[in-house]
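K.L.:
Any chance you can model this:
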Amino acid sequence: MKNFAGAPGTRTGLTLRVAQCLFAASSIALMATTKTFFNFTAFCYLIASMGLVIIWSFGLAIIDAYALATKKVLHSPISVSLFVVGDWVTSTLSLAAAASSGGITVLYFGDLGGCSLREECTKYQLAVAFAFLSWLVNEISFLIMFWLLASG
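P.N.:
Numbers count the residues shown, from 1 in each chain. Okay, here's the model as predicted:
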């Protein structure tokens, strides 16, 4: 298999994984510090989805760091297939969570004017923005892994 930027065991791959973790953790932190997030199912789903992204990305960041430290190549077809499926699942879940939370944020706090606390609205909007950033970085990782798998 070819060595692409962002492939497992590269600095770019480690950077992508760390960025996924940081964006997902920021989204959870912002959402969890609001008082009423649990009243909205989409926001609860966002926290659950971003938690899964953190677990997956942190695990792969540790594997990438180990591979960089020991100078091992992680391009076996079985491991890349596992990375592709994991990235695809977490990417799909995080996009669904970010989109549904974004829709609720726009509907309730924009269209219906139901946001009486400015600070709460800002936290919801920032949490959704970080969720979309986490999805974007996760999608980039998925596409790189898929390309690596397809290049055989």
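K.L.:
Which positions within stretch 120-134 qualify as buried?
P.N.:
The neighbour-count check on stretch 120-134 (16 or more other Cβ atoms under 10 Å) flags 120-121, 123-125, 127-134 as buried. Heads up, the C-betas are built off the backbone N, CA and C, glycines and all.
K.L.:
Tell me the one of the residues you listed nearest A96?
P.N.:
For the buried residues of stretch 120-134, the residue nearest A96 by Cβ to Cβ is A131; the value is 10.3 Å.
K.L.:
what's in contact with stretch 86-98?
P.N.:
Contact partners of stretch 86-98, identified using Cβ atoms under 8 Å, 6 or more residues apart in numbering, comprise 24, 42, 45-46, 48-50, 52-53, 56-57, 60, 128, 131-132, 134-135, 138-139, 141-142, 145-146.
K.L.:
helix or strand for the most centrally placed residue in the chain, which one?
P.N.:
Among the residues of the chain, the one closest to the centroid is S134, at 3.6 Å (Cα atoms, centre = their mean). Counting by DSSP states H and E, the element that carries S134 is helix 118-151.
K.L.:
That helix - what's its average pLDDT?
P.N.:
The predicted model gives helix 118-151 an average pLDDT of 90.
K.L.:
Begin at 664, not 1, for the rest of this chat.
P.N.:
Okay, residue one is now 664; in that scheme the one you just asked about reads as helix 781-814.
K.L.:
Tell me the gap between that helix and the middle of its chain.
P.N.:
Offset of helix 781-814 from its chain centre (Cα atoms, centre = their mean, to the nearest Å): 5 Å.
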